[in-house]
Every structure is written in C-alpha cells, then in structure tokens.
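1. Okay, sequence plus prediction incoming.
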Amino acid sequence: MDTFKLLARSTNLQKSKPSADKASKQQTPSSGFESQGTQRRVGHGDLEESRSQLKLRGTKRRKKSPAAGPNSKSTGKQEYIETKLPLDNTSNDDLTINSNSGKTEQHGIESQPKRKGIAERRKILKQNKLKIALLADGQKAKGANATPTKEIQNPNTKKHDRSLLISEPLTSFEELRTRYRISRRLAENLDAQGYRYPTEVQVGSLPLLLGSDEDRGLATDQAREPHSSKVPRSDLDLLTVAPTGSGKTLAFIVNVIHHLLEDRQRDRKTTSKNAIEHEVQALIVAPTHELADQIVNEGRKLAIGTGLRVSAMKKDMMLQTDSLATFEQISNPSDSEGQEVSGAPNSHPIVKADILVSTPMLLVNAISENQARPSKSLPSVRYLVLDEADILLDPLFRSQTLSIWDACTNPSLQTTLWSATIGSSIESLAQSTILSRRKTLGITSEHHIIRVVVGLKDSAIPNVTHRLTYAATEQGKLLALRQLLHPSAPSEDDRPSLRPPFLVFTQTIQRAIALHSELLYDIPPEAGGSARIAVLHSELSDSARATIMAGFRNGQIWILITTDLLSRGVDFRGMNGVVNYDIPTTGAAYVHRAGRTGRQGREGGVAVTLYTKEDIPYVKNIANVIAAGERARGEEKSGGESKGEGERVQNWLLDALPKVSKKSKRELKQRGVESRRNVVGVAKAKEQRRARISTKSGYDRRIENRRKGAAKGARLRGVEVPAPAVSEDEWGGFED
Ligand SMILES: Nc1ncnc2c1ncn2[C@@H]1O[C@H](COP(=O)(O)OP(=O)(O)OP(=O)(O)O)[C@@H](O)[C@H]1O
C-alpha cells in the first residue's frame, strides 16, 4: 500500500510527541548507542541506581570499618561517600542521600547536596563525553597584547581556574534549585515542561554559567542565604560546541533567566532608583526568524510567572538605546504576550522586553543609521547569547554580529556562544573579540574564556542513518527522490526507509520552487494531495513563513522543501528524515542539515544525500564528517578502540573519493555548485540547462517552448489562436 495513504489514516503528528518520561528515556545525541533501552545521561538510570547502591554499600562499609572517616582513601564508587572531598565544607555524617528523590537532606531541611570529589566529577564529565578547556584568562586581557591565548593545559594553571574546569557537573534539575539556587518559579516551569534530567551539554555548561556558591568561593553561611550572588558572572564567557538536538537552547535560556532574576533581586536591595520596566538586558541573536521565534517560545514557557518578558524583534521596532534615553518615560506597556508599546507619536514601536531575541539584520537596523556603523549602544544588555555562533561570525553575518557585540557596552557583559560546529578560526575570532572589547572598555577584572565540547567536535550525529546516494545526473536525482517518496520495493539491505515528515534541502530558492512544482502532484488526493507538500524560503512574507512552519509542525504538511534557511537550530520533534537534494556546501552545513532529524538522541532518522557526477569532488567533505561520527560511535561501543563497529561509510568510498583542495572547498562554500547558481550567463547556459529540475526531456521542452512562442507571436499579430484539440475521451467541460 502507498505510504501516503497509510499516513493519511494516521493521527495528528503531535500525538506522537513523546511524553516527558518517554523523552527522558531517550538517548542524548552524542551517546551514539543503538537503542538498548538504557539511559546514558547521568542523573537518570545510572545515577539513581548508583545513588541507591552507594547508600547501601556505604552503610555496609561504615559498619565494617568504623574508622573509615572522611579522610580515608578509597577507590571507585566508594568515593561518593567515603573520600574526603577536596572542596567539601560539610561533614559526611550530617548527610543522607535520599535514593528516591536524589535530594540530599540535612536534618530534614533541604540544603545543598553533598559536593562531589574531583575523581567523581571527572568520571561524570567523561561519561557525558564532556571536555572543558580554559581558552584565555584575564591576565592576558589585562596586558597590552589582546590576542587569544592558546588553549591552556598548563598544570600550573591557578587553583581557581582548575576548579572551574572540573566544576561540579549537574546531575539532576533538582540541583539547580538546591545548589545553584534558581528561583522556585523557574524550577517549576522546568518541571512543568517535562524536563527531568539534564542533557550532556546542560550537565557541563550550566554549573559553569550558574556558578554554585562554593564555586564562587563563598563562605558556607553566605552560601546558605538564597540568591547570595556576590560575584557577577561577567567573569566568564563561554563557547559551547554540542551536537544538534542536544538541548543547548535550554542551557542558555536557564542561565539568562536565572541571572536576570538574581540581578533584579540584588538591584532591588542595593539601589533605590527604579529600573526601567522591561528594558532589554539579555540579547539572544539567531540567524533566522524561524529560529528566533522558536527561542522566544521556549523562553516564554520558562519565564512564566517570573515577570520577565521574552520577545522577538520585529521589523521597524526600536530599542531603548543610550541615545534614546528619553523614552524612559514611556508608560502603559502592553500587557499582551506581545512585546512592544508605541513610543512618541508617529514613531516606531519601542521594544519592551527583558530578553530580546533577534536576527542580526533586524537588530543592526535598530541600532544603526546605516548598516555599516552602529550609532547607538545598548548599555543595559548584560547577557549576549550568540546561537549558531559559527554562522553568525561567518562572513555572511560577521559585520552585523560584530556591530551588535560592539554596541553592548556594559562592562559586566557575559557572552556565550553556542553551536554544533565551531571551527578554530571562528573560535579565535570570538576570543580576540572578547579580549579586545575588554581592553577597549578598560576592564581589568579577573576573567576566563572557557570552551565546553560535547562528544566529537564537528562530526555528524551517529544516531541517524546517513546515506550517500549516487544519482549520476540531475534527472537521476529527481527519480531518486521520487523513489524515496514511493518506494516500489523494500530496500535490499534492510536500510530504514524515509517516511514523512521530512525536509528536502536545495541550493537556491529557485531550485526549491522548481522542485516543489515538480513534486506538487506526487501525493495522492486521498492522502491530502498537494497540500501535503510545501516550499519555504526567505523571499516569502513573514506571515507565509509562519503559516508554513505551523503547518509542518502540526502535521498538515509532510514534505517541506527549503534552502539552508531551515538547516540551523530549528527543532521539529517528529522529523523522520532529511534529503539533501543538492549537496551541502560544507561539512558543517551537512552536520546541521542532518541534525534536523535524530534530535534528543532519537534513533531511526535518515539523512539521504543525493549526488551527481559534478558533485563527486565535494562528497569527501561530507563522507568525512559522517565517518568521524560513526567511528566515534564504534569506538564507544568497543570501549575506546576503533574496531570499525558502527561505521557505515565504507572505507573504499573514502579512499576512492578525490581529495578536496582548500581552494575548491572555499569556492564551494562561497558559491555552491556553479551550475546550480542563479546567475544567468551565456557561458554557463548549457551547464545550467543540465542542472534544471524537471522530468521533461529536452525534446518535450523544445516542442512546448515552440508552441508557446507561436501562440505569443500570434497574439501579437492579433490572430486568434485555436484552443488545443480535446480528444474524444477527455472531458471538455460544461457546454453553455
Ligand atoms: N533536559 C532535557 N530533557 C528532555 N528534553 C530536552 C532537554 N533539554 C532540551 N530538550 C529538548 O531537546 C530538543 C532539542 O533541543 P534544542 O533545540 O535546544 O537543541 P540544540 O542543541 O539547540 O540543537 P541545534 O544545534 O540543532 O540548534 C528540544 O525539543 C528540547 O525541548
């Protein structure tokens, strides 16, 4: 039976949304294991089990050896309770680990959970495939030389720095409240959204960003006081590289909300001046409207009841910048979930938001008279988040992003950068920007730039089946895509088939439109027909884009043809696959496109890349990122040794593919495959004709063009053109 007809019978996609518990049982993206029903995240299966075991073992051991006190040395899991923890302030005797809740109780009062020893922290970091490195410290920033330092692996690194690198990993969301003292409201919102256990990236980044009281070196009595934030977090900027779908958004939103609430409480205590209501204090920059809207949605859910307003920047809105200070007097902020109130009569609306999410262009327009030079600064912004930082710092958006960064003049600005792929050149650019900004503003306080990496950097997620399919020609690609849409026979090698909903990526908007019209009638009317397939690109209006996104999310649209516009950040939960109809232009682009499926560690996603003879020089790039991910998965399964297990990109293919020169890599990145570009040039006309998306043969197209030309000529001459003859079998419509 036709897959589409079967699908048409199925219920709304949203119903397949996993429950929180189910979701929590899924693997995290970089865990890379086949479905085994096990939970690799620390804090769920592993941790709960080990906690209860430890409690038992600990008791037993204590009975056997009453002398074993906090100073006694032990190995392995015993260290949980037996080892004297280097940074521990609390006697173990007072503590009992409640194996049901995972909470640590002290004489019945909820208090800070017991601190983990260095060895245990290391173990947890390793289990979560977390690598934390100090990239630069404040000493360099103070000096005249504001260049990025090399990664610091020096054993003489200061003790405080070292403790940052192995700071207490987060093992449950409860710890956010007990150890990091997030507000009750935020904790409740996390719980209400079904978030139970942190993902790997959250395990590693949140403790660094939130900084427990002990990590900040506060005395125990100060630490007991709620919200005792004595040290602002501007002392730390963070670069995080974690797989697609691993929960980076939640990590940066929790950090921002927590600190804004904490700052608000501190400001209330220390200043008598009334703060401007909903003045932008946190700025989240994302490359597309679709991603910005998604972040706003996520942020609003977590900010419910906190009094913080999360908004998306819209066209023609204005910001309260330093040169617009007079707008402080604006009153009657809109109470709607919207964001803005109008300022002076006939002016553009002024953004009223504590957390503002924007694309670079919209923001630059709001702070610049001309795009090249920001003319206003944003002194109120204390938290700057660059989501998909590598693309924001890529030449495509670089000048806009740097303008925004420059405009954030608050001396205690904390910048965090997030992506699944951050190359070394982008990393250096980020470091030098942070350091030179500090130098320009004359900031000399202690400061660190830390990098957190989850799993293998810049590799494709291994829980997705990656398929590289040779289709020889453009026509072959169309046939191959139709074969994917209507598989005529089960695949001979048990490879999972591609089931809607899925995304199809093309190189240009024109190609997306052409492919859409070619496939429009491929879905039978009984299954919903042409309404099931849509095209989304940046030339559509904002409202059309939003409608299509909503249709795809709610299951009305099954196949969405798009450009790289949707390749980054966008989270579609039930997505079964991705088709690269046109080859991605970089390895990183592949990682992000393929990462629209297999999110939250979900197995069963398929990423198909169709390539032609012309693409062969570029396939190696992609084959390498797939092979790296699969090798890591194989190594993990075989306990660190590479035995080739899990590898699906055959070695012969890797060997056979030609090496890509740096020059071709650069050209491909900048221009894409030449024949698929939009420019019309006589020299390239033949190539471009060959790359056209159409199943019509050249002969048929010529006949059709001649017919159209003749009809046009006749119309111009004023001759009536006879309607094409209708065969006897064809229905000719109603007669008058
Ligand atoms: N702790 C958690 N428990 C369960 N689900 C989570 C958790 N954290 C995040 N998620 C869910 O995981 C999904 C992917 O998260 P998110 O969009 O933040 O990924 P990402 O790392 O930003 O990916 P990308 O690199 O593609 O932008 C979302 O649906 C989010 O709600």
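-> Cool, got the structure.
2. only C-alpha atoms for contact and neighbour calcs from this point on.
-> Fine.
3. Just the strands from the stretch 601-736 of the chain, written as ranges.
-> With DSSP state E, counting those that start in this stretch, the ranges of strands along the stretch 601-736 of the chain come out as 605-612.
4. OK, now which residue of it is nearest to the ligand?
-> Taking C-alpha to the nearest ligand atom as the measure, the stretch 601-736 of the chain has Gly601 as its residue closest to the ligand, at 8.7 Å.
5. doesn't Pro462 make contact with that residue?
-> No. Applying C-alpha atoms under 8 Å as the test, Gly601 and Pro462 come out as separate, 9.1 Å apart.
6. Low-confidence stretches in the stretch 551-700 of the chain?
-> Low-confidence segments of the stretch 551-700 of the chain, defined by pLDDT under 70, are located at 634-652, 654, 678-691, 694-700.
7. Now it against the ligand: closest residue?
-> Gly569 (3.1 Å).
8. same deal with the stretch 51-200 of the chain?
-> Counting by C-alpha to the nearest ligand atom, the stretch 51-200 of the chain gets nearest to the ligand through Pro198 (3.9 Å).
9. so is that residue in a helix, a strand, or just coil?
-> The three-state label given to Pro198 by DSSP: H, G, I helix; E, B strand; the rest coil is coil.
10. neighbours around it, how many?
-> Pro198: 25 surrounding residues under other C-alpha atoms under 10 Å.
11. what do you get for Leu210?
-> Leu210: 23 neighbours (other C-alpha under 10 Å).
12. Distance check, Leu515 against the ligand.
-> Separation of Leu515 from the ligand (C-alpha to the nearest ligand atom, to the nearest Å) stands at 25 Å.
13. Can you tell me the element that residue falls in?
-> Element membership of Leu515 [criterion: DSSP states H and E] is helix 509-519.
14. Then Lys457?
-> Going by DSSP H and E, Lys457 is not in any helix or strand.
15. distance of it from the ligand?
-> 12 Å.
16. Run a quick check on Gly423 versus Asp390, I expect a contact.
-> Yes. Between Gly423 and Asp390 a contact is recorded at 7.4 Å, counting by C-alpha under 8 Å.
17. out of these two, which sits in the busier spot?
-> The neighbour comparison of Gly423 against Asp390 (other C-alpha under 10 Å) goes to Asp390, with 25 against 13.
18. who does the helix or strand the more buried one falls within touch, helix- and strand-wise?
-> Using DSSP H and E, Asp390 sits in helix 389-392. If you count contacts as 3 or more C-alpha pairs under 8 Å, 6 or more residues apart in numbering; DSSP states H and E, helix 389-392 packs onto strand 414-419.
19. how many degrees apart are the helix or strand following the strand it packs on and strand 414-419 in direction?
-> Sequence order places helix 424-441 as the next helix or strand after strand 414-419, per DSSP H and E. Counting by axes from the mean of the first three to the mean of the last three C-alpha atoms, to 10 degrees, helix 424-441 lies at 170 degrees to strand 414-419.
20. Near the closest residue in space to Tyr618 that isn't next to it in sequence, how many other residues are there?
-> Nearest residue to Tyr618 in three dimensions, chain neighbours excluded: Val660, at 6.5 Å (C-alpha to C-alpha, 6 or more residues apart in numbering). Using other C-alpha under 10 Å, Val660 has 15 other residues around it.
21. Good, we can wrap up now.
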